[in-house]
Each structure stands twice: as structure tokens, then as C-alpha cells.
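Undergrad: no sequence on this one, just coordinates:
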């Protein structure tokens with residue numbers, strides 16, 4: 001993962017889509033025009049479709065002919081969760097994020113994951129520059145909604161936390177303010193309170209409208225699809241403090257309040273448009289960044305998870321919860337990410353080589369790779385191997401889908 005270099009302060013701005021203090025956000029004219037054109041289409045679609053009446057979802061059958069599209073931000077993309085997908089590299093999208101797990105669990109017919117780190121709801125409608133330095137290839141994500149069509153059967157949406165810089169500003173500021181004001185109870189809450197108005201709680205409530213606009217566009221583009229809105233995992237503990245999250249004592253409860261307000265906005269938006277809402281806040285109790293077995297990383301960037309972002313275990317936990325809600329069943333523990341891809345396109349890949357790479361990367365344990373014999377993993381993957389794998393997987397993305405092998 002040497003191609004990702006992130007400094008803590010600016011890294012949060014980049015991954016979570018905020019703006020640096022004192023520096024205005026730069027928006028390209030082309031991006032604005034694309035956004036206006038697509039938003040106009042979404043607005044007309046919203047007027048045509050309107051909020052849908054909620055109905056009891058029909059359980060999805062594993063192995064059915066499902067065309068699945070995943071939309072979302074970094075909590076969907078999974079920055080630094082092994083192993084990265086090849087493109088766009090600027091989205092830092094993992095091949096073991098929850099959409100990849102879910103696609104494997106459901107044995108879907110086609111799978112398009114267009115989630116991207118730093119995405120805001122506007123990036124469902126407009127293209128998004130990736131987090132790599134500008135000018136590098138594989139650093140632009142197309143408007144995510146373009147992946148949703150009338151043929152789409154299932155859409156998962158996990159987005160909203162970057163709008164208004166909600167999470168990025170909060171997490172970037174709270175630890176610093178705690179260090180600067182060691183005697184203060186909730187300096188972060190106080191810094192975001194203006195004229196008696198808690199601006200973070202205000203913004204968290206306003207995000208409902210953004211998500212409703214997104215859902216209106218999804219419903220218009222795929223009127224027969226099952227749509228699932230995925231809430232955000234626990235980050236802060238409900239009680240106590242810990243070194244992994246160096247906030248002031250009172251800011252834990254306040255941060256949790258903002259987090260719950262955001263999830264409430266997602267839930268209300270889902271209800272308004274007949275979508276299912278998966279309450280990952282409830283599903284991840286006891287798995288916060290301070291827990292003994294956390295699903296979310298703390299402040300320090302690790303090789304397997306970015307700051308305050310899900311580990312692979314958290315991604316699997318989300319996929320498990322979504323699967324249970326969609327099927328009223330438990331997933332097959334041996335249905336793992338990338339395995340379905342390997343089984344679908346055996347004629348186009350060096351299966352043994354790819355399995356060896358995946359096993360070395362920690363995405364799929366060798367003992368569950370069915371009858372495949374993975375070669376001994378090298379001590380460290382060479383740059384040439386990584387380049388070859390990236391090119392190979394990029395080719396697979398453009399290859400026509402085939403039926404899963406038996």
C-alpha cells in the first residue's frame with residue numbers, strides 16, 4: 001500500500017471530502033455543468049416518481065439473477081482494507097468492502113461497486129476527483145448514479161457523512177481541541193455552536209433532504225429495484241473514553257448525538273422512498289473504536305484501515321446485517337469477496353496466480369478456496385506483481401459477464 005501517503009490533518013480532508021480551513025473549495029466548471037444536467041434529470045424524476053409508499057420487502061433469494069449496484073462514500077469503499085481494487089485508484093476502494101461481501105453472499109449475476117472515498121451526495125450526480133494528486137491516471141470517479149439502470153435489481157446506498165463536512169470537520173477538530181483545552185468538558189461541541197445553534201446537529205438533520213434527492217433519482221432510474229440505505233457503524237463508545245479516540249470527555253456523548261442524528265436522517269429518507277434501512281448503529285453496539293474487538297479503527301492510520309474507518313471485520317459485519325435483512329437468513333461463511341470473480345471468469349485469468357496473490361493479501365484464507373491450490377505466498381509482493389494484478393483486474397472490469405461456474 002505504498003501508493004497511499006496520508007497525513008492525519010489533510011488526510012481527513014481528502015478522504016472525508018471536507019475543505020481546509022481558510023481555503024475555498026475549487027470546483028471545475030465541467031463538474032458543475034455535469035452536476036446541473038444530472039440534477040435536473042433527477043429533479044424531474046423525483047417529480048414523476050415522488051416518495052414511494054413503504055411496503056414489506058420480498059426476501060431476495062441467494063443465486064437469483066440479481067444485478068447489484070453499490071453506491072457510497074468511504075464507509076462503503078473501505079480505504080486501506082486489503083486488498084485494493086485497481087480503479088479508480090483515487091477512490092481507495094477495497095475488494096473486501098461490504099458490497100463485495102454481499103455480492104458474494106448473494107451470488108449475484110452482475111456487480112458494480114462505484115463507491116468512492118470522500119464522496120458526498122452530490123457525487124452521485126457529478127464526477128468526483130479522487131484523493132490522489134491531480135493529473136494522475138485512475139483518479140476520477142464517474143457520477144455514481146450512471147451505474148444504476150432499469151435492469152438493476154438491488155442498490156445499496158451508504159452516504160451522507162461527508163455532506164457539510166459533517167464527520168471530517170468533527171473528527172479533525174475534536175482531538176486537537178481536547179489537547180488544546182485539557183480542562184474543558186466538550187470543547188469540540190462548543191466550537192461548533194454558533195449563537196446557541198449546534199451547527200453539527202443542524203447539518204445532520206439537513207442531510208435527510210440530500211439523501212431523499214438521491215433516493216428519488218435511484219427510484220426513477222431503477223423503479224423495480226430493491227433499495228437499501230445503510231447506516232453508519234458505531235465509532236464512539238456509549239460509555240467511557242479511550243486512548244484510541246483522544247476526545248474530551250463530554251465530546252464523546254456529543255459526537256454520538258451527532259452520529260445518531262445523521263443515522264436518523266438516513267432512516268427517515270429511506271422510509272420516505274420505500275427503501276429498507278439497515279441500522280448498523282444498533283448492529284455494532286460494543287464494536288466501536290474503543291472496544292476490545294472493534295469494527296472501526298481509532299485515530300491512528302493502520303495498514304488495514306484508515307483513521308476512524310471500518311476494518312475488514314466491520315465490512316463483513318455490515319454485509320452480514322444487510323444480507324440478513326434482505327433474505328431473512330444467515331450468510332454462507334465460505335462465500336467470500338473475490339472468490340465469485342475468480343469462479344466467473346476462469347478463462348481470462350491466471351487462477352492460481354490470482355488466488356496466491358489474494359491469499360497473500362489476506363482477503364481470502366487459502367483453506368477456504370475450495371479445490372484451488374494456492375501457491376506459497378511470497379514474503380512481499382513485488383511492484384511488478386502489483387502492476388500486473390492491477391492490469392489484470394482492470395481487464396476483468398471491462399469483460400462481459402458470464403454465468404458463475406458451478
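TA: Good, I have the coordinates. For clarity, every value in this text was computed on a predicted model and none was experimentally measured. Numbering: from 1, shown residues only.
Undergrad: not counting its neighbours along the chain, what's nearest residue 74?
TA: Excluding the flanking residues, the one nearest residue 74 by CB to CB, 6 or more residues apart in numbering is residue 117, at 3.8 Å. For the C-beta atoms, the positions are set from N, CA and C on the backbone; glycine is no exception.
Undergrad: state the three-state secondary structure for that neighbour.
TA: With DSSP: H, G, I helix; E, B strand; the rest coil as the basis, residue 117 sits in coil.
Undergrad: let me know the pLDDT of it.
TA: Note for residue 117: predicted pLDDT of 93.
Undergrad: residue contacts, it?
TA: By CB atoms under 8 Å, 6 or more residues apart in numbering, the contact list for residue 117 reads 15, 73-74, 77, 79, 91-93, 130-131, 306.
Undergrad: again, but for residue 310
TA: Contacts of residue 310 by CB under 8 Å, 6+ apart are 75, 78, 81, 233, 295-297, 318.
Undergrad: ok, now residue 103?
TA: Residue 103 is in contact with 68, 70, 111, 113, 337, 340, counting by CB under 8 Å, 6+ apart.
Undergrad: biggest separation within these, which pair?
TA: Comparing all pairs in these by CB to CB, the longest separation belongs to 70 and 340, at 14.1 Å.
Undergrad: neighbour count winner among these two?
TA: Legend: neighbour count by other CB atoms under 10 Å for residue 70 and residue 340, higher for residue 70 (27 against 20).
Undergrad: which SS state does the more buried one fall under?
TA: Judged by three-state DSSP, the three-state class of residue 70 is strand.
Undergrad: quick check: bridge partners of it?
TA: Taking DSSP bridges as the rule, residue 70 bridges to residue 113, residue 156.
Undergrad: is it true that it touches residue 99?
TA: Yes. The pair residue 70 / residue 99 is scored as a contact, 3.4 Å apart, by CB atoms under 8 Å.
Undergrad: what is in contact with these two at once?
TA: 76, 111, 113, 115, 156.
Undergrad: wait, a helix at residue 189?
TA: Yes. The assignment for residue 189 (three-state DSSP) places it in a helix.
Undergrad: spatially nearest residue to it, not counting backbone neighbours?
TA: Per CB to CB, 6+ apart, closest to residue 189 is residue 254, 4.1 Å.
Undergrad: residue 300 now?
TA: Once flanking residues are discounted, residue 300 sits nearest to residue 307: 6.8 Å by CB to CB, 6+ apart.
Undergrad: helix/strand/coil for that neighbour?
TA: Note that with three-state DSSP, the state of residue 307 is coil.
Undergrad: from residue 259, how far off is it?
TA: Distance, residue 307 to residue 259, by CB to CB, to the nearest Å: 16 Å.
Undergrad: repeat that for residue 329.
TA: Taking CB to CB as the measure, residue 329 falls 29 Å from residue 259.
Undergrad: looking at those two, which one has more neighbours?
TA: residue 259 (23 against 13).
Undergrad: how much space separates the residue nearest to residue 74 from residue 92?
TA: To residue 92, residue 117 is 5 Å away according to CB to CB.
Undergrad: shared neighbours of the two, which are they?
TA: By CB under 8 Å, 6+ apart, residue 117 and residue 92 have these common neighbours: 15, 74, 77, 79, 130-131, 306.
Undergrad: ok, back up a step: buried ones among the contacts of residue 310?
TA: Neighbour-count burial (16 or more other CB atoms under 10 Å) is assigned, among the contacts of residue 310, to 75, 78, 81, 233, 295-297, 318.
Undergrad: low-confidence ranges, the stretch 201-350 of the chain, go.
TA: In the predicted model, the stretch 201-350 of the chain carries pLDDT under 70 at residues 338-350.
Undergrad: quick one: the helices in it?
TA: 249-272, 280-283, 312-327, 339-344 (DSSP state H, counting those that start in this stretch).
Undergrad: now do the stretch 51-200 of the chain
TA: 74-77, 98-106, 166-180, 187-191, 199-221.
Undergrad: just tell me which of those helices ends up closest to residue 243.
TA: For residue 243, the closest of the helices of the stretch 51-200 of the chain is helix 166-180, at 10.9 Å, according to CB to CB.
Undergrad: counting contacts, what elements does the closest one pack onto?
TA: For helix 166-180, the packing partners by 3 or more CB pairs under 8 Å, 6 or more residues apart in numbering; DSSP states H and E come out as helix 8-16, helix 187-191, helix 199-221, helix 249-272.
Undergrad: count the residues that sit near the residue nearest to residue 300.
TA: Applying other CB under 10 Å, we find 23 residues neighbouring residue 307.
Undergrad: need the helices and strands packed on helix 166-180 in a markdown table (columns: distance to residue 59).
TA: Putting the helices and strands packed on helix 166-180 into a markdown table (distance: least, CB to CB, whole Å) gives the following:
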| stretch | distance to residue 59 |
| --- | --- |
| helix 8-16 | 35 |
| helix 187-191 | 42 |
| helix 199-221 | 20 |
| helix 249-272 | 18 |
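Undergrad: so which of the ones you listed is nearest residue 288?
TA: helix 249-272 (9.2 Å).
Undergrad: the inter-axis angle of the closest one versus helix 166-180?
TA: With axes from the mean of the first three to the mean of the last three CA atoms, to 10 degrees defining the directions, helix 249-272 sits at 170 degrees from helix 166-180.
Undergrad: got the buried residues for helix 249-272?
TA: Under the neighbour-count criterion of 16+ other CB under 10 Å, helix 249-272 has 250-259, 261-267, 269-270, 272 buried.
Undergrad: residue 114 reaches residue 76, doesn't it?
TA: No. Judged on CB under 8 Å, residue 114 makes no contact with residue 76 at a distance of 9.6 Å.
Undergrad: need the overlap of contacts for these two.
TA: Joint contacts of residue 114 and residue 76 (CB under 8 Å, 6+ apart) are residue 70.
Undergrad: rewinding a little: and the shared contacts of residue 117 and residue 92, which is closest to residue 208?
TA: Set against residue 208, the nearest of the shared contacts of residue 117 and residue 92 by CB to CB is residue 74 (20.4 Å).
Undergrad: tell me the contacts of the closest one?
TA: Counting by CB under 8 Å, 6+ apart, residue 74 makes contact with 15-16, 92, 115-119, 162, 306, 309.
Undergrad: got the contact list for residue 250?
TA: Contacts of residue 250 (CB under 8 Å, 6+ apart): 184-186, 189.
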